[in-house]
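**Q** predicted model follows, preceded by the sequence.
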Amino acid sequence: MPSTPVPVPAAAGTSRKPRVAIIFGGRSSEHAISVSTAGSVLRAIDREAYEVLPIGIATDGRWALTADEPARMAITDGKLPSVDQIAESTEGQVSLPATPTSHGEIYFTEPGSVPKALGEVDVVLPLLHGPWGEDGTLQGLLELSGVPFVGSGVLSSAVGMDKEYTKRVLASFGLPVGPYTVVRPREWADEANRPAVRARIAELGFPVFVKPARAGSSMGITKVSHPEDLDAAMDEARRHDPKLIIEAGLVGRELECGVLEFEDGPRASLPAEVVVAEGVDFYDFEAKYIASSDVQIPAALTEDETARLRALAVEVFEALSCEGLARVDVFLLEDGSYVVNEINTMPGFTPISAYPRMWEATGVPYPELIDRLVRAALSRSTGLR
């Protein structure tokens, strides 16, 4: 169903369509997934209701105007897209307003040229995944600039990105999390400390999952079944984050549930179940985006299991003070209990991503999902909101 445009004030008493800046890419190892997500959103957003401005952040941190060509932003034959491939200028740079009084005006600057105003942006859809984007850093910049944006604010984004503090906050609310330990940079850097660290990890029992504490898309994760393989896994995870979290392996079904904020509060979608491809050991980056792993929607659960999972997903969303949207990942253990694995405050929107597919199955098609998120952001103010 086409959206009804939400008019915003313009010069001379006229009105215009809201202008949405879609920001994607970024400096994290999830750069390509963010680009693919943006391509999907650009295909789905209602151009009759919104004016769209795609802005990419290159891996070196440069902000660039990009081509509005979703087909060039997809993961194709295992090849990952990048902002540099679709940037309209290799030297020019986009900048946000310096203060909230600039009213969302953004500029494009090329070396030796006077900055050129690109127009006022009414709302930002920040589709970055991982550090330097999903972790509260971009959200803080947008808050300082006074530009409304889709999704959670600084605190929720930061806590949701850091797997240690996600677990700490959830546990403080009495929500179920699995056994884990954290290895901080100085602990592993000091060779003399490593035996004690290895012993602490061994207490969890093997197998364990060694993860970067602040990364997503299963980047840098290794399943370790034998103590002698631990050091290599630690080195791999540290390529993405010097702080690591090691989680006990749990035997159970891997499930996901989307949360979306409606006018009357957050609601949970029908859940999905991860189904890894034959021969794949666990749901890592390769399994998610390259191999033929998938999710079953809706998950084959009883009515009671579904109701409990949906209620838990909303509890997690509210415990972390999230806004807009999130995806909550859980395990259903053999004894019928749930354990929260993690939360994604900006889940993927690629063609194979579970979040939009779960909401499609729940009765909210992709274009309406985008419309709801943008409208909710337009209705909120920045700052202490």
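**A** Okay, I see it.
**Q** was I right about P185 contacting K243?
**A** Yes: shown here, P185 and K243 form a contact pair, counting by Cβ atoms under 8 Å, at 6.0 Å. Using the backbone N, CA and C atoms, a C-beta is placed for each residue, glycine as well.
**Q** who's more crowded, those two?
**A** K243 (19 against 12; other Cβ atoms under 10 Å).
**Q** which residues touch the residue nearest to the more buried one when sequence neighbours are not counted?
**A** Using Cβ to Cβ, 6 or more residues apart in numbering and skipping the chain neighbours, the partner closest in space to K243 is A213 (4.3 Å). By Cβ atoms under 8 Å, 6 or more residues apart in numbering, the residues touching A213 are 162-164, 182, 241, 243-245.
**Q** restricted to strands, list the residues you listed.
**A** Using DSSP state E, the subset of the contacts of A213 located in strands is 182, 244-245.
**Q** could you dump those residues into JSON lines with distance to Y50, neighbour count and pLDDT added?
**A** As requested, the ones in strands among the contacts of A213 are exported to JSON lines (distance: Cβ to Cβ, whole Å; neighbours: other Cβ atoms under 10 Å; pLDDT from 0 to 100):
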{"residue": "V182", "distance to Y50": "42", "neighbour count": "17", "pLDDT": "98"}
{"residue": "L244", "distance to Y50": "41", "neighbour count": "27", "pLDDT": "97"}
{"residue": "I245", "distance to Y50": "38", "neighbour count": "22", "pLDDT": "97"}
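**Q** which one of the contacts of A213 is nearest A361?
**A** K163 (27.6 Å; Cβ to Cβ).
**Q** excluding its backbone neighbours, what's nearest the closest one?
**A** With sequence-adjacent residues excluded and distances taken as Cβ to Cβ, 6+ apart, K163 is closest to I245, at 4.7 Å.
**Q** checking my notes, L144 in a helix, right?
**A** Yes: under DSSP: H, G, I helix; E, B strand; the rest coil, L144 falls within a helix.
**Q** what's the local residue count around it?
**A** L144, neighbours per other Cβ under 10 Å, totals 15.
**Q** from P179, how far off is it?
**A** 39 Å (Cβ to Cβ, to the nearest Å).
**Q** could you do P227 as well?
**A** Counting by Cβ to Cβ, the gap from P227 to P179 is 17 Å.
**Q** give me the low-pLDDT residue ranges for the chain?
**A** Residue ranges of the chain with pLDDT under 70: 1-15, 90-92, 96-119, 217, 277-293, 382-385.
**Q** can you pull up the most central residue in it?
**A** M346 (2.9 Å; Cα atoms, centre = their mean).
**Q** which residues does that one contact?
**A** Going by Cβ under 8 Å, 6+ apart, the list of residues near M346 reads 126-129, 133-134, 151-152, 157, 325.
**Q** turn the contacts of A213 into CSV, columns for distance to V295.
**A** Shown next, in CSV, are these (distance: Cβ to Cβ, whole Å):
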residue, distance to V295
D162, 25
K163, 21
E164, 26
V182, 29
D241, 26
K243, 29
L244, 27
I245, 24
